[in-house]
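*Asks:* have a look; sequence and predicted model below, questions after that.
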Amino acid sequence: MKRNLLKALFFTGAGFILLQHTASAQLSVTGQLRTRTELRDGQGTLPAQDAKASVFTSQRTRLNLGYSASRYRVFVSAQDVRVWGSDQSTISNMEGSKLFLHQAWGEMILSDSATINVENLSVKAGRQEIMYDDSRLLGNLDWLQQARRHDAIVVKFSHKGWAADAGFAFNQNHGKDTPGKNGNIYNGTPTTPVVPGTNGIGMMYKSMQYLYAARTMKFGKVSALLFKDDFQKTQTIEGVVTPVAGVNSRVTVGGALFSKITDKIGFNAAAYYQGNNDKLGNTLDAYNLTADASYSSGKFTTNPGFDYLSGNNTTKQSKINHRFDPLYGTPHKFWGFMDYFYVADPFGIDGNLTRSPGLVDYFIRNKYKANDKLIVILDLHEFYAANKLADSEINPTIATTSGRRLATEIDLVVNYNLFRNMTIEAGYATIFATDKLNLLKAPATTKQDHGQWAYMMLNFTPDFLVKQ
């Protein structure tokens, strides 16, 4: 009995050691638990005169499983997001909580030294994050607790500083082929309160295709993107919007430069054009220009720059839509932490997305890295409309002054690394608005001329197979 017990203990221990060795080489088991307590008093849109601030805590819980072999990789990430004390969570302040797969993909590796002698050639299929460059147009939107992912196939290539990806997606509501349930008609506008995507687009793409190429050199990186997303056509019958056969295709093309001129000075620039048709079939003619410089001196880095996103002339109607849409990127990173622009809440005359004047953002981002544990960020934004602003049609009593200046925003973030795999972050943002920003937010009623937002976030990212 005693000998059998010793044998069992021996083989159990040996198996555990073998499993641990195998796991450390091929298997990864990681997680994330991120809680964020927020005080919102005009975050996303200006508060009404008698509005009260709200306080709540949201939580993201993830379990990630990855496995790598010589010819393939597999990754699965399960995620739960909810607000404490409720079954409701928020995307665009409206989406309910969900327990769902954030990622679930497999990658087949085609490259090897015998037949295809490149650093990497692979095919990645399944639910996955799609991120490129600085996440301006394609990013995982990690700040949002739900984040962003796509159901897609991506062919990936990289060799000696060159990289090229080709991605494809095709969405359907179901796999049925029964009368009245034609699988070729995709309803990309789900039942409220869920609002897909960002930027107030309100409709998920039917399909998308893209080509991305980049070249990394000593001075930095140059990249190019060609992206097409197709939206199911719709028709309105007695006030009901119904999807019909056919798609409206939007094409975005452009490139970016990320350079390091000296050890202290950097320069980035990007230009993108958007054409063909918008989701409603209107002719699209829009563009985005951006440039910024950075200077680092010891622990301090300053980063001034500007963003220009074209918009519509709101003083007269046009059959051409000039509003640039920053696709599926990370607006929170670029246009202020208050999330007033290009997030789920649209901005345009009386809140009408089709009457968006576009945006000019002059910014200075500052970062101070006190040590390996403490980082302080202070960003300043000055927002202007890219076009003249028409008067309100819903509420003519709202009087606006001339000019295009919308607001000034100040964002402050303090991040402290408590110890390995655990950080604490606190932030405060405030916006000082002009009467023109009030005009651009729906409904067109008198609001306060400022908003504020604060948060405290704990982020645990354990690696379950690594001793801490």
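*Replies:* Good, I have the coordinates.

*Asks:* give me the nearest residue to Ser135, chain neighbours excluded.
*Replies:* Counting by CB to CB, 6 or more residues apart in numbering, the nearest residue to Ser135 once its immediate chain neighbours are dropped is Thr330, at 4.3 Å. C-beta coordinates here come from the backbone N, C-alpha and C atoms, glycine included.

*Asks:* quick one, phi/psi of that neighbour?
*Replies:* phi -130, psi 80 (degrees, to the nearest 10).

*Asks:* is it true that it touches Arg136?
*Replies:* Yes. When contacts are counted by CB atoms under 8 Å, Thr330 is listed as touching Arg136 (7.5 Å).

*Asks:* can you pull out the helices in the protein?
*Replies:* Secondary structure of the chain, counting by DSSP state H: helices at 2-26, 331-334, 435-440.

*Asks:* which of these has the lowest average pLDDT?
*Replies:* Among those, helix 2-26 carries the lowest mean pLDDT, a mean of 48.

*Asks:* how about the contacts made by Leu398?
*Replies:* Not Leu; residue 398 is Ile. Asp391, Ser392, Asp435, Asn438, Leu439, Ala444, Thr446 (CB atoms under 8 Å, 6 or more residues apart in numbering).

*Asks:* of these - the most surrounded one?
*Replies:* Comparing the contacts of Ile398 on neighbour count, Leu439 comes out first with 26 neighbours (neighbours: other CB atoms under 10 Å).

*Asks:* from Gln49, how far out is that one?
*Replies:* Distance of Leu439 to Gln49, computed by CB to CB, to the nearest Å: 16 Å.

*Asks:* could you measure from Arg404 over to Val81?
*Replies:* Arg404 sits 38 Å away from Val81, going by CB to CB.

*Asks:* below-threshold pLDDT in the stretch 351-468 of the chain: ranges please.
*Replies:* Low-confidence segments of the stretch 351-468 of the chain, defined by pLDDT under 70, are located at 399, 443-444, 468.

*Asks:* what about the strands in it?
*Replies:* Secondary structure of the stretch 351-468 of the chain, counting by DSSP state E, counting those that start in this stretch: strands at 359-369, 374-385, 405-419, 422-433, 450-460.

*Asks:* format those as JSON lines; extra columns: distance to Asn187 and mean neighbour count.
*Replies:* Converted to JSON lines, the strands of the stretch 351-468 of the chain look like this (distance: least, CB to CB, whole Å; neighbours: other CB atoms under 10 Å):
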{"stretch": "strand 359-369", "distance to Asn187": "31", "mean neighbour count": "18"}
{"stretch": "strand 374-385", "distance to Asn187": "34", "mean neighbour count": "18"}
{"stretch": "strand 405-419", "distance to Asn187": "35", "mean neighbour count": "17"}
{"stretch": "strand 422-433", "distance to Asn187": "36", "mean neighbour count": "18"}
{"stretch": "strand 450-460", "distance to Asn187": "34", "mean neighbour count": "18"}
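
*Asks:* ranges for the strands of the stretch 51-200 of the chain?
*Replies:* With DSSP E, counting those that start in this stretch as the criterion, the stretch 51-200 of the chain has strands spanning 54-68, 72-83, 98-109, 120-128, 150-159, 162-170.

*Asks:* next, count neighbours for Cys221.
*Replies:* Let me fix one detail, which is that residue 221 is Lys and not Cys. Lys221 has 17 neighbouring residues, counting by other CB under 10 Å.

*Asks:* any idea how far Ser223 is from the closest residue in space to it that isn't next to it in sequence?
*Replies:* Counting by CB to CB, 6+ apart, the nearest residue to Lys221 once its immediate chain neighbours are dropped is Phe258, at 4.8 Å. The span separating Phe258 from Ser223 equals 8 Å under the rule CB to CB.

*Asks:* what sits in contact with each of the two?
*Replies:* Shared contacts of Phe258 and Ser223 (CB under 8 Å, 6+ apart): Asp133.

*Asks:* wait, Asp449 touches Ala433, no?
*Replies:* Yes. Asp449 lies in contact with Ala433 (CB under 8 Å); the separation is 5.2 Å.

*Asks:* overlap in contacts, the two.
*Replies:* Residues touching both Asp449 and Ala433 by CB under 8 Å, 6+ apart: Leu46.

*Asks:* residues contacting Gln209?
*Replies:* Contacts of Gln209 were listed using CB under 8 Å, 6+ apart, and they are Ala166, Gly167, Phe168, Ala169, Phe227, Lys228.

*Asks:* now, which of these sits nearest Asp142?
*Replies:* In terms of CB to CB, no member of the contacts of Gln209 lies closer to Asp142 than Gly167, at 19.2 Å.

*Asks:* so the closest one bridges to which residues?
*Replies:* Each beta-bridge partner of Gly167 is listed here: Val154, Tyr210, as defined by DSSP bridges.
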